[in-house]
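K.L.:
fold the following and give me the result.
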Amino acid sequence: LMLLRNKEGYDFEMIYYNSDGKESTLCGNGARCIVAFAKSLGIIGDNCYFLAVDGPHKADLIQTDEGEWVSLKMGDISEVEKGPGYCFMDTGSPHYVAFESNLQKFDLIDKAREIRYNGRFRVDGTNVNFISINEDVLNIRTYERGVEDETLACGTGVTAAVLAAHATGQFKGSQLNVKAQGGNLKVKFEPDGHGYKNIWLQGPAEFVFKGTF
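P.N.:
Sure thing, here's the model as predicted:
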């Protein structure tokens, strides 16, 4: 559940509740959706500046070959923690990223819960992402805390996955297309010392239905 609220000094404020009913950390894809929602209400045009739980964000509505996409500026990453076979970072929400060769035949739930409920992450939790790169496309599957199950796409997870892949030399360049279970996304960035800046999460936000409560 996301609430769009008036906020002095911003176009709006985004309040986000997770599936467990608790106010949570940043939801990247949710933020892109609320930007599209704000435009549909006439609150913004093709650009906006809004406040989320992790701080201010800019967003633009851009035209692509796949239609109108929402481009969301993410927070800078000062450093990526790298360990054997994994990376860890906070892209607005905490993300553990591990590399797995066969994502479709992989027992994601059991493996992700081993990580999410280990001694380090048991109390505060972490999202767990498994990724592989094939023909310049990053494939990803994500287990989200608060949901405690696999979800179809996680924006902060996609962002963390692309940066982890770059930090470990899986690809070169400053952008990468991503294929999640729920659709296609893209992440653009600039390396900055041991971290990254000017990070943009891009993808569609499709209108599904409206109702009156």
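
K.L.:
what stretches of this structure score poorly on pLDDT?
P.N.:
Of all residues in the chain, none has pLDDT under 70.

K.L.:
what is the neighbour count of residue 204?
P.N.:
Neighbour count of residue 204, defined by other CB atoms under 10 Å: 17. In this view, the C-beta of every residue, glycine as well, is placed from N, C-alpha and C.

K.L.:
that one reaches residue 71, doesn't it?
P.N.:
No. Judged on CB atoms under 8 Å, residue 204 makes no contact with residue 71 at a distance of 11.0 Å.

K.L.:
next one: stretch 172-184 to chain centre, how far?
P.N.:
11 Å (CA atoms, centre = their mean, to the nearest Å).

K.L.:
make residue 1 into 730 and carry on from there
P.N.:
Sure, I'll start counting at 730 from here, so that last one is stretch 901-913.

K.L.:
span of it from start to end?
P.N.:
End-to-end distance for stretch 901-913: 20 Å, by CA to CA, to the nearest Å.

K.L.:
what sits up against it?
P.N.:
With contacts defined as CB atoms under 8 Å, 6 or more residues apart in numbering, stretch 901-913 is touched by 795, 865-871, 879-883, 887, 890-891, 894-895, 914-920, 932-933.

K.L.:
buried subset of those residues?
P.N.:
With burial judged by 16 or more other CB atoms under 10 Å, the buried subset of these is 867-871, 879-880, 882-883, 887, 890-891, 894-895, 914-918, 932-933.

K.L.:
taking these one by one, which sit in helices?
P.N.:
Counting by DSSP state H, those place 887, 890, 891, 894, 895 in helices.

K.L.:
all strands of this protein, in order?
P.N.:
731-734, 741-745, 776-781, 784-793, 796-802, 810-812, 815-819, 823-828, 856-863, 866-873, 878-880, 904-909, 912-921, 924-932 (DSSP state E).
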